[in-house]
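> Here is the input, now give the coordinates:
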Amino acid sequence: MISVDIRGLPEVQRMLRNLADEQMPFAISSALNTAAFAIQKQQKERVPTVFDRPTPLTKGAFRVEKATKQKQTSVVYVDPKREVILKTHEEGGKRGDQKLERYLKSKGWLGGGARAVPTDKMPLNSYGNPKVAEVNKIIAGLPAIGGIKGDKKRVFVIPAGSLRGGLSPGIYRTLSRSKGAAIAKLYHFVSRAEYQKRLGFEESARTEALRIFPAIMSAAIERAIRTAR
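Numbering: from 1, shown residues only. Okay, the predicted model is just below:
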């Protein structure tokens with residue numbers, strides 16, 4: 001009977017030490033990063049299935065913090081600059097105030113918990129959001145309730161809690177300055193605006209990680225063994 005003990009073979013010992021000290025940490029970090037970038041791609045592809053016409057900023061919200069041989073952790077996260085946009089969709093609840101709402105509240109025309117919701121008369125961009133230029137025009141055109149001077153398309157506010165001339169609270173634009181002028185409502189004022197949980201970033205990313213990581217790690221270990229010296 002012949003007994004072979006690898007502990008007595010210097011070349012094998014050297015290969016195993018190299019595998020443990022050099023190859024395996026690299027293999028693990030490489031596998032972690034491959035999985036993280038795959039999850040980032042998956043989340044970017046999910047966004048259009050969750051939101052209607054998401055902006056490039058929303059689709060590009062996900063970032064990767066790479067693992068290294070020293071730090072065996074990779075992280076997929078939402079860019080802090082975009083987190084304020086997506087957090088409410090991830091957790092549900094009240095959304096934050098938008099620029100127009102902050103202005104209206106500073107004037108006392110909109111209550112603390114109320115929101116301004118655009119009507120179908122408000123010009124929207126290709127992503128379904130109010131056009132920034134139009135919002136800025138409204139803000140510039142509301143120095144006081146009653147409209148603005150010198151603007152052919154006057155805008156005015158019916159403050160929250162008010163009912164004037166049969167008009168409900170909101171922002172209006174006068175379409176003509178002639179007697180009996182027609183008007184269009186641009187924004188409704190509502191008591192609250194809440195989002196339901198719909199993004200599912202953490203849950204879907206965790207599920208994807210559990211699905212893909214075993215095969216990625218197995219392939220990385222095989223490469224490490226093949227290249228060990």
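> Please make it C-alpha for all contacts and neighbour counts, starting now.
Noted.
> Tell me the bridge partners for residue 77.
Applying DSSP bridges to residue 77 gives these bridge partners: residue 63.
> quick one: it and residue 62 touch, right?
Yes - assessed by Cα atoms under 8 Å, residue 77 is found in contact with residue 62 at 5.6 Å.
> Which one's more surrounded, those two?
residue 62 (21 against 17; other Cα atoms under 10 Å).
> Run a quick neighbour tally on the closest residue to that one other than its chain neighbours.
Once flanking residues are discounted, residue 62 sits nearest to residue 78: 4.6 Å by Cα to Cα, 6 or more residues apart in numbering. Residues contacting residue 78 under the criterion other Cα under 10 Å number 19.
> do the same with residue 70
Neighbour count of residue 70, defined by other Cα under 10 Å: 9.
> ok, now which ones touch it?
Going by Cα atoms under 8 Å, 6 or more residues apart in numbering, residue 70 touches residue 25.
> Okay, it and residue 28: tell me how far apart.
To residue 28, residue 70 is 10 Å away according to Cα to Cα, to the nearest Å.
> Counting residues, name the longest strand you see in the protein.
strand 183-190 (DSSP state E).
> How about it, which residues are buried there?
185, 186, 187, 188, 189, 190 (16 or more other Cα atoms under 10 Å).
> helices and strands around it, which ones?
Judged by 3 or more Cα pairs under 8 Å, 6 or more residues apart in numbering; DSSP states H and E, strand 183-190 is in contact with strand 115-118, strand 170-174.
> What helices and strands are in contact with the longest one?
To tie it back to what came earlier, the one meant is strand 170-174. strand 155-158, strand 183-190.
> Could you export the shortest one as CSV, keeping only the C-alpha atoms?
This points to strand 155-158. Extracted in CSV, the C-alpha atoms of strand 155-158 (Å, rounded to 0.1, in the frame of the first residue of the first chain):
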residue,chain,number,x,y,z
VAL,A,155,-51.9,83.2,-13.7
PHE,A,156,-53.7,83.4,-10.3
VAL,A,157,-54.2,81.3,-7.2
ILE,A,158,-57.3,80.2,-5.3
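> Can you add distance to residue 204 and mean pLDDT and give the helices and strands packed on strand 170-174 back as CSV?
Shown next, in CSV, are these (distance: least, Cα to Cα, whole Å; pLDDT from 0 to 100):
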stretch, distance to residue 204, mean pLDDT
strand 155-158, 43, 83
strand 183-190, 33, 86
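> how about the helices in this protein?
10-18, 24-50, 56-59, 80-91, 99-106, 132-140, 201-227 (DSSP state H).
> nearest to residue 119, of those helices?
Residue 119 sits nearest to helix 132-140 of all the helices of the chain, at 13.0 Å, using Cα to Cα.
> relative orientation of the closest one and helix 99-106 in degrees?
Taking axes from the mean of the first three to the mean of the last three Cα atoms, to 10 degrees, one finds helix 132-140 and helix 99-106 inclined to each other by 10 degrees.
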